[in-house]
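Engineer: Okay, here's the prediction I keep looking at, along with the sequence it came from:
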Amino acid sequence: MFDPQEVFVVFVLGGPGSGKGTQSEYIIKDYGFVHLSAGDLLREEQKREGSQYKELIQDCIREGKIVPMEVTIALLENAMKEAIDKEGKKRFLIDGFPRKMDQALKFEEVVVESQFTLYFECSEDTLVTRLLKRGESSGRIDDNIESIKKRFQTFKETSFPVIEYYEGKDKVRKVNAERDIEKVYADVKKVIEAALEQTKA
Ligand code: ADP
Ligand code: C5P
Ligand code: MG
């Protein structure tokens with residue numbers, strides 16, 4: 001659909017609560033990326049009047065399961081087209097996607113190849129603490145300990161292999177996400193700046 005010379009896609013991955021959303025918000029301010037969180041797009045679709053996927057999405061999210069890729073890829077595609085056509089944007093942070101190998105292969109086949117994956121590495125102990133804290137105000141149906149355990153399971157079994165796949169292609173830039181937001185972001189900036197030096201997008 002898009003030419004990777006023209007449309008610059010960075011996948012932002014990491015366990016639940018590793019700071020993908022937080023760091024993406026910093027990046028968009030400094031580098032003019034569009035931030036598309038797959039989870040946010042799914043939650044919007046779940047709430048949308050008339051959506052045929054309401055129950056499917058809600059069940060998957062509560063159980064920490066992966067929503068079938070067709071749904072998520074269509075949402076991402078639409079959001080990218082809109083940003084390109086209406087705002088002339090070319091740089092995208094695709095946050096929380098791909099979470100499963102089929103999503104990775106299909107997206108890169110049909111939409112556009114990614115430049116690299118920004119991977120936030122963080123221990124489960126830290127993630128649990130952050131998610132339970134976020135759950136005090138997020139209103140998310142999956143920020144509770146039962147769902148969190150299921151999300152960790154899915155991350156290890158289904159999502160981590162995607163990171164390994166891109167590591168095998170030397171396309172992972174790993175950042176230690178255990179530290180303060182500012183310290184993490186200092187490393188993120190280095191990664192983004194190094195990558196942007198080599199692109200026209
Ligand atoms: P993700 O999008 O990866 O699930 P978020 O960006 O939503 O993660 O962060 C999860 C929670 O942890 C949020 O409440 C956020 O404010 C907090 N948080 C994010 N990064 C850090 C950090 N480096 N140190 C402490 N708390 C953080
Ligand atoms: O990234 P986030 O934590 O917001 O994702 C919330 C949930 O949305 C995931 O646990 C999963 O159920 C669903 N999701 C998905 N496929 C993605 C991203 C999120 O099924 N690529
Ligand atoms: Mg998030």
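Structural biologist: Looks like it came in fine. Numbering: from 1, shown residues only. Ligands and ions are numbered 1, 2, ... in the order given.

Engineer: Gln167: neighbouring residues, count only.
Structural biologist: Just so we're on the same page, residue 167 is Glu rather than Gln. 13 (other CB atoms under 10 Å). C-beta coordinates here come from the backbone N, C-alpha and C atoms, glycine included.

Engineer: For it, give its distance to Thr158.
Structural biologist: 16 Å (CB to CB, to the nearest Å).

Engineer: ok, now Lys29?
Structural biologist: 32 Å.

Engineer: Likewise for Glu25?
Structural biologist: Distance of Glu25 to Thr158, computed by CB to CB: 26 Å.

Engineer: And the two? Which one has more around it.
Structural biologist: A direct count of neighbours by other CB under 10 Å for Glu25 and Thr158 places Thr158 higher, at 17 against 13.

Engineer: can you confirm the more buried one is in a helix?
Structural biologist: Yes - judged by DSSP: H, G, I helix; E, B strand; the rest coil, Thr158 forms part of a helix.

Engineer: Now it. Nearest residue, chain neighbours left out?
Structural biologist: Nearest non-adjacent residue to Thr158, counting by CB to CB, 6 or more residues apart in numbering: Lys100, 5.1 Å away.

Engineer: right, and that neighbour touches Val67 too?
Structural biologist: No - counting by CB atoms under 8 Å, Val67 is not a contact partner of Lys100; they are 9.6 Å apart.

Engineer: Ligand 1 versus the closest residue to ligand 2 within the chain, what's the distance?
Structural biologist: Ligand 2 sits closest to Gly39 of the chain, with a gap of 2.0 Å, by CB to the nearest ligand atom. Using CB to the nearest ligand atom, to the nearest Å, Gly39 is found at 7 Å from ligand 1.

Engineer: same check, this time on Val67
Structural biologist: Separation of Val67 from ligand 1 (CB to the nearest ligand atom): 16 Å.

Engineer: ditto for Glu193
Structural biologist: Separation of Glu193 from ligand 1 (CB to the nearest ligand atom) stands at 20 Å.

Engineer: which residues touch Phe155?
Structural biologist: Shown in contact with Phe155 (CB atoms under 8 Å, 6 or more residues apart in numbering): Gly15, Pro16.

Engineer: 6 Å instead?
Structural biologist: Counting by CB atoms under 6 Å, 6 or more residues apart in numbering, Phe155 touches Gly15.
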